[in-house]
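[1] next input, structure requested:
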Amino acid sequence: MKTVIRVALLLGFAATALAQQTVPTDAIGSLRPDEPSACAGVYGDAHAICLHEQQTLQQQRKAQDAQVALQREEQENTRLRNDLLRHELAQQQAPAVPTGGSSSQLDFMSVPGFRTWQTDNAWFGSDRARTEFALLYQKQLRQERPDVTGRPLLDAVSARVREVFGYTAR
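    Coordinates of the predicted model:
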């Protein structure tokens, strides 16, 4: 009788140990390899496959992160390059307006209503890039539409300057 009990205990212990090491086949696919310690409950070949998939997913994430960082860096470089080009363009245009006043500037200043317009557009004469642009646009506008004169001409010029350069406070 003692022998039967010992054999039963031994078989029970062996069955318990065997049950702890085996994983049902339907449970193998239920674990997600992208979760931390997801491979802890998987044994045998499935464990090696799970570890490989985890490493592959980590490498893919690193590659995606590096690609996103590179795209952001390229966007920032493009933005900085554009800012630099705008600044250089403004500096190149600035010396074109002589301080004594050119003939086109004198023509512009002789337009009826110029004095009141200039009080509303304080940038004229102080901001060289805008002033030069205004003079060139006024010349072009006079050629294209000779019927526009006086304050409507000046208002059209200031509207175009606002479109190109943006609004500035007085």
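[2] would you map the helices across the chain?
    2-21, 25-28, 45-93, 103-109, 114-120, 128-144, 150-165 (DSSP state H).
[3] could you give the average pLDDT over the last one?
    When the per-residue pLDDT values of helix 150-165 are averaged, the result is 89.
[4] in it, what counts as buried?
    Under the neighbour-count criterion of 16 or more other C-beta atoms under 10 Å, helix 150-165 has 153-154, 157-158, 160-161, 165 buried. Where C-beta positions appear, they are placed from N, C-alpha and C, glycine not excepted.
[5] how about the residues you listed in CSV, adding distance to residue 67?
    As requested, those are exported to CSV (distance: C-beta to C-beta, whole Å):
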residue, distance to residue 67
153, 52
154, 52
157, 47
158, 46
160, 41
161, 41
165, 36
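[6] got phi/psi on residue 110?
    Note on residue 110: its backbone torsions stand at phi -90, psi 0 [degrees, to the nearest 10].
[7] now do it against residue 149, distance only.
    Here residue 110 is placed at a distance of 11 Å from residue 149 (C-beta to C-beta, to the nearest Å).
[8] can you list the helices of the chain in CSV and add distance to residue 39?
    Below are the helices of the chain laid out as CSV (distance: least, C-beta to C-beta, whole Å):
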stretch, distance to residue 39
helix 2-21, 15
helix 25-28, 11
helix 45-93, 4
helix 103-109, 78
helix 114-120, 73
helix 128-144, 64
helix 150-165, 61
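[9] wait, which of those is closest to residue 38?
    Nearest to residue 38, of all the helices of the chain, is helix 45-93, at 6.6 Å by C-beta to C-beta.
[10] can you give the distance from the closest one to the centre of its chain?
    11 Å (C-alpha atoms, centre = their mean, to the nearest Å).
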